[in-house]
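S.K.: Sequence first, then the predicted structure:
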Amino acid sequence: MLTLSHVRQETLTATTFIFTSDSPISYRAGQHVSIRLPHENPDSRGTIRSFSLSSSSTEKVLAVTTNEGESSFKKKLFSLSAGDTIEARGPGGGFIFREEDPGHHIMIAGGIGITPFRSMLTYVSDKQLSMPITVLYSNRTPEEIVFKDYLAELSTKVIHTITRPQDSPTVWSGRTGRIDEALVREISTGPDSVGAGGDRYYVCGSLPFVESMVTLLGTMGIASDRIHFEKFTGYS
């Protein structure tokens with residue numbers, strides 16, 4: 001059982017739920033947890049969802065970050081109050097930060113797919129690890145950037161790109177457009193980093209985003225064993 005400590009608003013639609021546990025929980029940065037929320041009249045997807053943890057095992061809490069949705073599960077989740085308890089299973093999953101791998105670690109996130117990278121980046125910072133890391137983070141508008149202040153404070157290089165700046169009420173002076181081959185090659189560590197080189201790629205986001213990024217990396221000649229990914233198959 002987990003107890004909701006408090007919530008933190010990240011964007012207009014994204015919220016972080018911070019939980020405490022009566023006993024220590026061990027996990028690898030990037031893993032997910034399954035949450036069960038019994039409620040009246042659940043929809044066809046039922047009462048269980050899996051969420052990547054946005055917290056790190058170096059922290060004393062478990063946190064998940066997600067967007068609001070219209071499903072009965074999301075409505076129940078967003079109705080929780082501090083002190084409420086929930087059932088959880090895990091953490092588990094193979095999408096983990098591989099600190100034992102040498103070389104440059106490149107994290108490619110779309111939208112709410114940044115959540116496991118927050119876990120990984122916090123772990124790296126808390127453990128004072130020194131491997132090079134670059135984050136490529138794509139959102140439709142600047143207002144949708146999750147963990148914006150947190151990412152700005154990191155010593156890690158973070159590159160934002162906005163795909164629909166015209167939909168934003170504010171002027172965006174940074175990069176625009178989707179993550180493409182030119183951008184990936186720009187941040188790679190050298191001529192040997194694409195193909196047989198040492199860069200490691202982590203991709204997380206919606207199903208279409210992940211599939212397009214994995215396809216792109218494959219066409220660039222990056223070996224499949226250097227590409228790790230997690231697909232978020234549903235946001236509701």
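M.R.: Thanks, I have the structure now.

S.K.: switch to C-alpha atoms for all contacts and neighbour counts from now on
M.R.: Will do.

S.K.: Tell me how this protein divides into domains.
M.R.: 2-92, 105-232 (automatic domain parsing).

S.K.: Using JSON lines, please lay out those domains together with mean pLDDT.
M.R.: Below are those laid out as JSON lines (pLDDT from 0 to 100):
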{"stretch": "domain 2-92", "mean pLDDT": "94"}
{"stretch": "domain 105-232", "mean pLDDT": "91"}
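
S.K.: Export those domains as CSV, with columns for distance to Arg98 and mean neighbour count.
M.R.: Below are the domains of the chain laid out as CSV (distance: least, Cα to Cα, whole Å; neighbours: other Cα atoms under 10 Å):
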stretch, distance to Arg98, mean neighbour count
domain 2-92, 9, 17
domain 105-232, 9, 17
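
S.K.: To Glu99, which of those domains lies closest?
M.R.: Taking Cα to Cα, domain 105-232 is the member of these nearest to Glu99, at 8.2 Å.

S.K.: could the domains of the chain go into TSV alongside distance to Glu99?
M.R.: Putting the domains of the chain into TSV (distance: least, Cα to Cα, whole Å) gives the following:
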stretch	distance to Glu99
domain 2-92	10
domain 105-232	8
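
S.K.: So Gly46, which state does it fall into?
M.R.: Under the three-state scheme (DSSP: H, G, I helix; E, B strand; the rest coil), Gly46 adopts coil.

S.K.: For the chain, just list every one of the helices.
M.R.: For the chain, applying DSSP state H gives helices covering 72-77, 115-126, 148-153, 181-187, 207-219.
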